[in-house]
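> Starting from these lines, generate the structure:
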Amino acid sequence: MTNSNQLVSVVIPCFNAEAFFRPAIESILNQTYHNLEIILLDDGSTDSTPLLLEEYRKRDSRIRVIVNPANMGLIKTLNNAIDICSGEYLARMDADDISMPDRIEKIMKKFDASPELDIVSAGFYYISEQGKVLRSFPPMFTSPGSLKFVSFFRTPIVHACLIGKTRAFIENKYNQAYIHSEDYELFSRMLLKGNLFANITDCLYQIRMNSTSVSYVYSDVQKDTHTRISFRNIKQYLNTEPDMELLEILNLRLNSMVVPNKLKMAIAWLDEFRTYFLKKEVLTTNDKEEIKLFCDIHQTDMILQALKSNGRGNKKHKFSYLRILIPLLLKPHVISYLNEKYQFRNSQK
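This is a model prediction of the structure:
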């Protein structure tokens with residue numbers, strides 16, 4: 001147990017969750033950290049989810065069941081949950097995923113060691129719909145400064161695995177205007193305001209690859225919304241508007257083929273932004289090392305996205321992309337990253 005043993009409110013939104021709910025809730029009930037308030041929120045389910053929630057409420061006194069009068073959507077449901085949490089800390093959990101038994105205990109120990117932090121998350125595993133572990137994803141970026149930098153381009157932490165101070169969520173609610181990217185919007189906004197995030201390197205959560213998940217069904221909406229959020233954040237940070245075409249490349253959200261010169265410009269912009277960030281922020285040595293690692297990995301992904309956008313098109317463009325990639329391939333961490341991506345794709349076949 002942690003030294004403080006603070007009450008943690010675990011928020012689990014549920015909508016037609018009958019298929020995977022039992023392993024999800026059992027993984028929370030069996031946590032090594034016991035001082036929990038478990039809030040199950042039924043958002044207008046039409047399957048047997050309400051019966052399952054009531055069954056578990058009767059089994060464990062730590063469980064509270066909240067039933068929305070009609071389907072309200074994830075953002076409103078989460079904001080309502082924030083208002084009713086009793087715990088000093090709030091933990092997220094999705095109704096089709098699985099938490100490792102010591103997830104909450106390990107993250108709470110991180111708060112004990114670093115009480116200045118507002119939100120802590122961890123690494124995760126992808127699992128198939130049947131529960132087979134496909135790949136582990138320990139976080140490459142762990143410290144507050146590097147996560148702030150990452151947040152200008154990517155979601156810095158795993159949403160469903162986080163634990164945060166409830167006060168931080170009360171002061172920063174999810175924004176309804178950014179549906180399907182509400183986590184990225186919230187985290188990047190909080191980091192710009194000065195909230196401190198961290199990741200621990202353990203993989204403490206299992207994300208089920210579900211064909212009905214938001215990432216699969218609303219990928220086009222996510223693409224546009226993500227770029228809009230990034231544009232807002234960079235504009236606020238630099239006090240100038242970034243080039244939208246370059247930003248689509250930088251965010252790996254491409255709507256058309258990328259010409260090599262534009263790709264080079266985007267990579268140069270990232271290097272300039274990194275230099276500016278390093279001068280402006282007070283950073284640790286670990287922050288700086290992780291930011292350098294991120295830039296190498298992100299530039300690699302930008303080139304791979306450009307290759308993908310070209311498809312079977314311009315061969316000269318392909319050779320140009322590969323020439324840009326070659327210097328990165330001399331770096332062992334880039335080779336390791338590409339090898340892991342290749343192995344993961346093969347595991348899905």
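> Let me know the pLDDT of Tyr216.
With respect to pLDDT, Tyr216 scores 49.
> Ignore what I typed, I meant Phe197.
Here, the pLDDT recorded for Phe197 equals 98.
> Can you report phi and psi for it?
With angles defined as degrees, to the nearest 10, Phe197 sits at phi -120, psi 160.
> who's in contact with it?
By C-beta atoms under 8 Å, 6 or more residues apart in numbering, Phe197 lies in contact with 117-121, 144, 147-148, 156-157, 187, 190-191. C-beta here means a position set from N, CA and C on the backbone, and glycine is covered the same way.
> Not counting the one helix or strand Lys279 maps to itself, show me its contacts.
In this assignment (DSSP states H and E), Lys279 forms part of helix 260-280. With contacts defined as C-beta under 8 Å, 6+ apart, helix 260-280 is touched by 149, 152, 234, 238, 242-243, 245-246, 249-250, 288, 291-292, 295, 298-299, 302-303, 306, 317, 320-321, 324.
> hmm, try it at 6 Å
By C-beta atoms under 6 Å, 6 or more residues apart in numbering, the surrounding residues in contact with helix 260-280 are Phe149, Leu246, Ile249, Leu250, Cys295, Gln299, Ala306, His317, Ser320.
> Specify the beta-bridge partners of Arg92.
In this structure, Arg92 bridges to Val11 when assessed by DSSP bridges.
> And for it, the neighbour number?
23 (other C-beta atoms under 10 Å).
> what are the ranges of the strands in the stretch 1-150 of the chain?
Using DSSP state E, counting those that start in this stretch, the strands of the stretch 1-150 of the chain run over residues 8-14, 36-42, 63-67, 89-92, 98-99, 119-127, 133-137.
> okay, the angle between the last one and strand 119-127?
Using axes from the mean of the first three to the mean of the last three C-alpha atoms, to 10 degrees, the inter-axis angle of strand 133-137 relative to strand 119-127 is 150 degrees.
> partners of strand 133-137, with directions?
Here strand 133-137 has these sheet partners by DSSP bridges: strand 119-127 (antiparallel).
> Pull the distance from the partner strand to the chain's centre.
Mean-position distance between strand 119-127 and its chain equals 8 Å (C-alpha atoms, centre = their mean, to the nearest Å).
> what's around Arg103, how many residues?
For Arg103, using other C-beta under 10 Å, the count is 26.
> With Tyr126 instead?
Neighbours of Tyr126 (other C-beta under 10 Å): 17.
> Show the pLDDT at it.
Here, the pLDDT recorded for Tyr126 equals 95.
> need the contact list for it.
Leu134, Arg135, Ile207, Met209.
> what's the burial count for the nearest residue to it once chain neighbours are set aside?
Excluding its sequence neighbours, the residue lying closest to Tyr126 (C-beta to C-beta, 6 or more residues apart in numbering) is Leu134, at 4.5 Å. Around Leu134 there are 15 other residues, counting by other C-beta under 10 Å.
> returning to what we had before: so how far is the helix holding Lys279 from its chain's centroid?
Relative to its chain's centre, helix 260-280 lies at 23 Å (C-alpha atoms, centre = their mean).
> For it, what does the pLDDT average out to?
Averaging pLDDT along helix 260-280 yields 97.
> mind listing what's buried in the strand or helix carrying Asp296?
Following DSSP H and E, the helix or strand that holds Asp296 is helix 285-310. Residues of helix 285-310 classed as buried by neighbour count (16 or more other C-beta atoms under 10 Å): 287-288, 290-291, 293-303, 305-307, 309-310.
> hang on, the earlier thing: which one of the contacts of Phe197 has the most neighbours?
Ile119 (29 neighbours).
> and that residue, how far is that from Arg57?
Separation of Ile119 from Arg57 (C-beta to C-beta, to the nearest Å): 28 Å.
> That'll do, ta.
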